[in-house]
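Give me a 3D structure for the following:
(one chain, ligands or ions: 1)
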Amino acid sequence: MENTEESLPTDQEFHHDLVSSLPLEEGMSPVRLRKYQGVWMSEYFLVGTMNAQRYFKARPTDILLASYPKCGTTWLKALAFATMTRIRHSFACHPLHRLNPHECVPLLDEISGSLESLSEIDTASDPRLISTHLPFSLLPESIKGCGCRLIYVCREPKDTLVSRWHYHGKIVTNMGKSEVIPFEKMFDMFCDDIMPSGSIWEHVLGYWNEKTQTPGRVLFLKYEEMLEDPMGALTRLAEFMGCPFTEEELRVGVPAEIVNLCSFGNLRDLAVQQNRRISPGGIMTTESYYRKGAVGDWRNHLSPEMAEKLDQITATKLQGTGLTLERPVSETTAMDA
Ligand SMILES: Nc1ncnc2c1ncn2[C@@H]1O[C@H](COP(=O)(O)OS(=O)(=O)O)[C@@H](OP(=O)(O)O)[C@H]1O
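As a prediction, this is how the structure comes out:
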């Protein structure tokens, strides 16, 4: 039979077919994982990822906020958005009072898999603030090649795992399911790199390698250091984004206003008051992104043996790279910071 234009699969159908042909892991139900280009990924984000890889056109002026899930993405988005748009928005009626930070910075690998979100990014004016959970290896070639700036936030793996497990519990509840994966099982999957966005160690190292190979391109932030010195982190962020605070802004306390606006306590209270469902896919509620905002909660979940095993993996994977994801010295909470 002759192929007419109608009978050819669209890119979207092609991508959906491709997703269902990929290796499947259902141990993290209801989140289904598929192995794509060597990385376990949440199935929800795969069509969006493929669309981004195929169609996204990066610009040298773009600023990409990248992170492994549960490492401080929400906070980084809030800080970067408030910093970049500070001339436009007064603190009294700031968009962050009514919007979740995830609604202020678009996700490149958008869950919907439609091209709408990509075209919205495409038409945005410079400089564009965009976010992703993709590992560096899966980024669209246009991002890898265009020299745009990357801001990466990383977090100590044991606390990241604990945060992920609690978040997963919320996904299960919000989807009306009852079975939460036992912590021990998620621990094993985490050690074996079978997590959404793949291995935390490969993820961090992908961006770390880019930082060492292309000086000046990547700002590397650590969640624990941000908690200890939020003002210091904000100062570095603003300088890296090309909009350092002026003498006058310092004098009238603009950085402190931004730190307070984006603080865990403030954003969590706003989210709890709103209590509404938001993207991705309307599964999560506004408050789902705020839990403890603390360092060291792994002590309440991991046995000494489990902690030792994860620390060993971290030490082995990062050996010789110059990067550390060390145990934090002090146990700062976001509420204190
Ligand atoms: N403003 C602010 N300050 C400090 N800490 C914050 C903030 N916002 C979110 N959080 C804490 O970050 C954890 C969620 O990580 P992410 O934002 O990366 O999650 S996500 O990937 O976007 O779903 C999660 O950590 P845990 O509390 O350990 O679960 C959140 O509580």
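
Would you mind giving me the confidence score for residue 304?
pLDDT for residue 304: 96.

Same question for residue 12.
For residue 12, the pLDDT comes out at 68.

repeat for the one 4 residues further on
You'll see residue 16 listed with a pLDDT of 78.

For this protein, what lies in contact range of the ligand?
Proximity of the chain to the ligand, by C-beta under 6 Å from any ligand atom, involves residues 67, 69-75, 159, 163, 166, 262-264, 267, 289-293, 297, 334. C-beta: built from backbone N, CA, C; applies to glycine.

Show me the contact partners of the lengthiest helix in the chain.
In the chain, with assignment by DSSP state H, the single longest helix is helix 157-174. Contacts to helix 157-174, defined as C-beta atoms under 8 Å, 6 or more residues apart in numbering, come from residues 28, 30-31, 68-71, 155, 178-181, 183, 186-187, 190, 195, 200-201, 223, 277, 283-285, 288, 291, 295-298, 300-302, 307, 310-311, 313-314, 325.

Could you do stretch 239-257 as well?
Taking C-beta under 8 Å, 6+ apart as the rule, stretch 239-257 contacts 63, 80, 83-84, 86, 91, 127, 149, 151, 219, 231, 234-235, 238.

what does the average pLDDT come to for that stretch?
The predicted model assigns stretch 239-257 a mean pLDDT of 98.

coming back round to it: please pick the buried ones from the contacts of helix 157-174.
Among the contacts of helix 157-174, those classed as buried by 16 or more other C-beta atoms under 10 Å are 28, 31, 68-71, 155, 180-181, 183, 186-187, 190, 195, 200-201, 223, 283-285, 288, 291, 295-298, 301-302, 310-311, 313-314, 325.

sorry, back to before: for the record, mean pLDDT for the longest helix of the chain?
95.

Just the buried positions in that helix, please.
Buried, per 16+ other C-beta under 10 Å, within helix 157-174: 157-168, 170-172, 174.

which of the residues you listed lies closest to the ligand?
Comparing those against the ligand with C-beta to the nearest ligand atom places residue 163 closest, at 3.2 Å.

That closest one and residue 312: what is the separation?
According to C-beta to C-beta, to the nearest Å, residue 163 stands 21 Å off from residue 312.

Ok, residue 91 next?
In terms of C-beta to C-beta, residue 91 sits 46 Å off from residue 312.

Those two: which is more packed in?
Higher neighbour count among residue 91 and residue 312: residue 91, with 14 against 11, using other C-beta atoms under 10 Å.

Quickly find the element holding that one.
Residue 91 is part of no helix or strand when elements are defined by DSSP states H and E.

Could you check the pLDDT of it?
89.

pLDDT weak spots in the protein?
Within the chain, the segments meeting pLDDT under 70 span 1-12, 111-115, 279-281, 327-337.

quick one, strands of it?
Assigned by DSSP state E, the chain shows strands spanning 24-25, 33-36, 39-42, 63-67, 129-132, 149-154, 218-222, 277-278, 284-285.

Next up, the contacts around the closest residue to residue 19 other than its chain neighbours.
Once flanking residues are discounted, residue 19 sits nearest to residue 46: 4.8 Å by C-beta to C-beta, 6 or more residues apart in numbering. Taking C-beta under 8 Å, 6+ apart, we find residue 46 in contact with 15, 19, 22, 34, 36, 113.

can you tell me how far the fifth one sits from residue 58?
With distances taken as C-beta to C-beta, residue 36 is found 20 Å from residue 58.

cool, the third one as well?
The span separating residue 22 from residue 58 equals 25 Å under the rule C-beta to C-beta.

In terms of neighbours, single out the busier of those two.
Taking neighbours as other C-beta under 10 Å, residue 22 and residue 58 compare with residue 58 leading, 20 against 15.
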